[in-house]
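>>> no letters, just coordinates:
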């Protein structure tokens, strides 16, 4: 079961061929429909139709994921934010506008929002937290933790 907009929904059913197509794209995201078709002994039109169906059913989408370090980001910070006096979603939308903010999540727990922030080096941490994040209307408290090592960086979040 998967949650979408707070409601349970069952995931789309994928055939063996669908899973094989996804597996090839996970290994080589630049594989053409023809490349995939040749590996699976099907036509390129079949691959194209399957990809379109999986994207339309939201079973998958093809995206580019870049490496933090390749863009010069050497500091990753998790930031918990408590919000007061303003709608959480509006505060989250304002925080999401900062290019350093990689993700904003509305939370249930000790923080109203949780951010993942990437910075170039440690000299930027204090300024970003106290001048940028804390400067957003509605932010009442921030708690941050600096990632000292990345043990998993994997965007294939749904095991097939």
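Yes, it's here. Note that the structure is predicted; figures quoted are calculated from it, not measured.
>>> residue closest to the middle of the protein?
residue 103 (6.7 Å; CA atoms, centre = their mean).
>>> spell out which residues sit in contact with it, please.
Each residue near residue 103 by CB atoms under 8 Å, 6 or more residues apart in numbering is listed here: 115-116. Yep, even glycine has a C-beta here, placed from its N, CA and C like the rest.
>>> and it, that one's in a strand?
Yes - according to DSSP: H, G, I helix; E, B strand; the rest coil, residue 103 belongs to a strand.
>>> what's the separation between it and residue 78?
Going from residue 103 to residue 78 by CB to CB, to the nearest Å gives 10 Å.
>>> kindly report the domain assignment for this protein.
Listed by automatic domain parsing, the domain ranges of the chain are 15-65, 69-146.
>>> follow-up on the earlier one: what bridges to the residue nearest to the centre of the chain?
residue 116 (DSSP bridges).
>>> lowest average confidence across helices and strands of this structure, where is it?
Here the helix or strand of the chain ranked lowest by mean pLDDT, DSSP states H and E is strand 2-4, holding a mean of 48.
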